[in-house]
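Asks: Below are the sequence and a predicted model; questions follow.
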Amino acid sequence: MHSLKSLFTDRLKSDLILLLAAIVWGGGFVAQRSASSHLGFFAFNGVRFLLGGLVMLPFVIKRLRNKPGQLFWILPAGAILFAGSSLQQAGITTTSAGTAGFITGVYVVLVPLLMTLFWKHKTKPVIWFAAVAALGGTYLLSTGGAELTPSKGNLIVLAGSLVWAFHVIVVGFAVRKVDVFVFSVGQFLFCGLLHIMSSLFVSPPTWAAIQVSWISILYAGLGSVVIGFTLQAVGQRKAPASDAALILSLESVFAAVFGALILAESMNFIQIIGCVIIFGAIVVAQLPAFQPKSDESAPTDKTNASMLS
């Protein structure tokens, strides 16, 4: 009886920690939206990922010994992280934080589909249904019932969601073979360097722009990257991956809430329906994870999901 109570307490603590991570990541979309008017998307992402990576670096220095195979996974993961964060930040400049949060969340549905297409994993019919529903919800959210074609910014964020799905898959393979903290810091730093180098050709970061956006940079770098990832890592120690994925997917809801409270963003009735459909599709896509696992099941954990915000 005592062990059962202890198990319940640990599970509850883990779920609350994961919920806090979702809240932190939801606020990250607001930080990104706020900074978009002052810093180019390459410059902002470069500064925030380097900040997050450098802050975490002292804690993994000792773990770097005898880890020769880390770069094999860090370089491709960092490159994909660079592509996904670039598209997300570019798209969020012309859409709301809440909209970007929900559209980004579509990657949860895309992961098992990509595992089927490229890695021959079996995917249950409910996943395909969820994918179609998610795309339908994205269309309603993007057009708001006022036009036929989705906005350019929302399409860019949706393209980023596809890249995020590939990133989750790569991370899922990588964490089985490398130190997760060394891997995370490595990809943050590599991603940040790619962004900074790219910004030199487009819109280099200026001290004046950094001063104006320092709150957003600190939140996105220390909050979303450092605190969010740490909370997720701690929370998933005692929480099943299926539970974690569902709780962490609430970041899209919190993105909309914070967008309304802080940025005074609003959605019409059609867009709200689109949000509900997308979130419903995300939940439905996680249902197979609650069934007994088989060797052919696609990875559904959201390891390192902190990079999505």
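Replies: Received, thanks. Numbering: from 1, shown residues only.

Asks: which residues touch the helix or strand bottoming out on mean pLDDT in the chain?
Replies: When the helices and strands of the chain are scored by mean pLDDT, DSSP states H and E, helix 241-248 comes last with a mean of 74. Outside helix 241-248, the residues that touch it by Cβ atoms under 8 Å, 6 or more residues apart in numbering are 11, 14-15, 18-19, 21-22, 25, 108, 232, 235-236, 239, 283, 286, 289-290, 300-302, 305. (Glycine included, C-beta is placed from N, CA and C.)

Asks: do the same with stretch 148-166
Replies: So stretch 148-166 is contacted by 80, 83-88, 90-95, 99-100, 103-107, 110-111, 114, 138-139, 141-143, 307-308 (Cβ under 8 Å, 6+ apart).

Asks: Quick one: neighbours of Ile61, just the number.
Replies: 10 (other Cβ atoms under 10 Å).

Asks: right, I mislabeled it, should have said Gly145
Replies: Under the criterion other Cβ under 10 Å, the count of neighbours that Gly145 has is 12.

Asks: next one: the one 4 residues further on
Replies: Here the neighbour count serves as a burial measure; for Thr149 (other Cβ under 10 Å) it reads 9.

Asks: Next: Leu71.
Replies: 13.

Asks: can you tell me the helix or strand for it?
Replies: helix 70-92 (DSSP states H and E).

Asks: Can you spell out which helices and strands pack onto that helix?
Replies: Judged by 3 or more Cβ pairs under 8 Å, 6 or more residues apart in numbering; DSSP states H and E, the packing partners of helix 70-92 are helix 2-35, helix 41-56, helix 97-104, helix 152-174, helix 180-202.

Asks: could you point out where the protein is predicted with low confidence?
Replies: 1-8, 66-70, 240-242, 292-309 (pLDDT under 70).

Asks: cutoff 50 now
Replies: 295-298, 300-307 (pLDDT under 50).

Asks: any idea which element Leu110 lies in?
Replies: Using DSSP H and E, Leu110 falls in helix 107-119.

Asks: so that helix versus helix 152-174, what angle?
Replies: Helix 107-119 and helix 152-174 are oriented at 60 degrees to each other (axes from the mean of the first three to the mean of the last three Cα atoms, to 10 degrees).

Asks: Show me what helix 107-119 is packed against.
Replies: helix 125-143, helix 152-174, helix 269-286.

Asks: So which bits of it are buried?
Replies: Tyr107, Val108, Val109, Leu110, Val111, Pro112, Leu113, Leu114, Met115, Thr116 (16 or more other Cβ atoms under 10 Å).

Asks: before we move on, the earlier item: just say which of the helices and strands packed on helix 70-92 is most tucked in.
Replies: Neighbour counts averaged per stretch over these are highest for helix 97-104, at a mean of 30; criterion: mean count of other Cβ atoms under 10 Å.

Asks: Now do that one: distance to the chain's middle.
Replies: Centroid displacement of helix 97-104 relative to its chain, using Cα atoms, centre = their mean, to the nearest Å, is 11 Å.

Asks: now swap in stretch 95-115 and tell me
Replies: 9 Å.

Asks: first vs last residue of that stretch, how far apart are they?
Replies: 29 Å (Cα to Cα, to the nearest Å).

Asks: what's the answer for stretch 90-109, then?
Replies: Start-to-end, stretch 90-109 (Cα to Cα) is 22 Å.

Asks: Let's verify Arg176: helix, strand, or coil?
Replies: coil (DSSP: H, G, I helix; E, B strand; the rest coil).

Asks: Now it. Its backbone dihedrals?
Replies: Per-residue torsions, Arg176: phi -80, psi -20 (degrees, to the nearest 10).

Asks: Repeat that for His121.
Replies: Dihedral angles (degrees, to the nearest 10) for His121: phi -80, psi 150.

Asks: I figured it was touching Leu114, is that so?
Replies: No. Using Cβ atoms under 8 Å, His121 makes no contact with Leu114, being 9.2 Å away.

Asks: hang on, the earlier thing: what's the closest of the helices and strands packed on helix 70-92 to Ala260?
Replies: helix 97-104 (6.9 Å; Cβ to Cβ).

Asks: Export the closest one to CSV, keeping only CA atoms.
Replies: What follows is helix 97-104, C-alpha atoms only, in CSV (Å, rounded to 0.1, in the frame of the first residue of the first chain):
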residue,chain,number,x,y,z
ALA,A,97,1.9,33.3,-31.0
GLY,A,98,-1.2,31.2,-30.4
THR,A,99,-1.6,30.2,-34.0
ALA,A,100,2.1,29.3,-34.3
GLY,A,101,1.8,27.2,-31.1
PHE,A,102,-1.1,25.1,-32.4
ILE,A,103,0.3,24.7,-35.9
THR,A,104,3.7,23.7,-34.5
